[in-house]
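1. got a predicted structure plus its sequence, pasted below:
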Amino acid sequence: MKIAMVGSGYVGLVSGACFADFGHEVVCIDKDQAKIDRLHAGVMPIYEPGLDALVAGNVKAGRLTFTTD
């Protein structure tokens, strides 16, 4: 399944990372370019234990991407 998450904060990023970990293709969309740039660099915009590893693993697997478009 392909999923688009609008927002990459507390709800969108965590939910998107979990859906990607379940095997779905997820794109997180956010209007804040700086936030998307930090996510591409592996810097989490929020603190959630284990989120950085979950995001990194799914980005590496190609199931999780970030965009402003």
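-> Yep, it's here.
2. and residue 19, what does it touch?
-> 3, 5, 26 (CB atoms under 8 Å, 6 or more residues apart in numbering). Any C-beta I mention is one placed from the backbone N, CA and C, and that applies to glycine too.
3. at 6 Å instead, please
-> The contact partners of residue 19, by CB atoms under 6 Å, 6 or more residues apart in numbering, come to 3, 26.
4. so it sits in a strand?
-> No - using DSSP: H, G, I helix; E, B strand; the rest coil, the secondary structure at residue 19 is helix, not a strand.
5. let's have the chain start at 39 instead
-> Happy to do that; since the first residue is 39 now, the last one works out to residue 57.
6. just the pLDDT for the most centrally placed residue in the chain.
-> Centroid check for the chain by CA atoms, centre = their mean gives residue 51 as the closest residue, at 4.6 Å. pLDDT recorded at residue 51 is 97.
7. and the gap between it and residue 105?
-> Going from residue 51 to residue 105 by CB to CB, to the nearest Å gives 13 Å.
8. would you mind measuring from residue 89 to residue 103?
-> Distance from residue 89 to residue 103, counting by CB to CB: 16 Å.
9. can you map out the strands along the protein?
-> Ranges of strands within the chain are 40-44, 63-67, 102-105, based on DSSP state E.
10. related to what we said a few turns ago, which residues touch the residue nearest to the centre of the chain?
-> By CB under 6 Å, 6+ apart, the contact list for residue 51 is empty.
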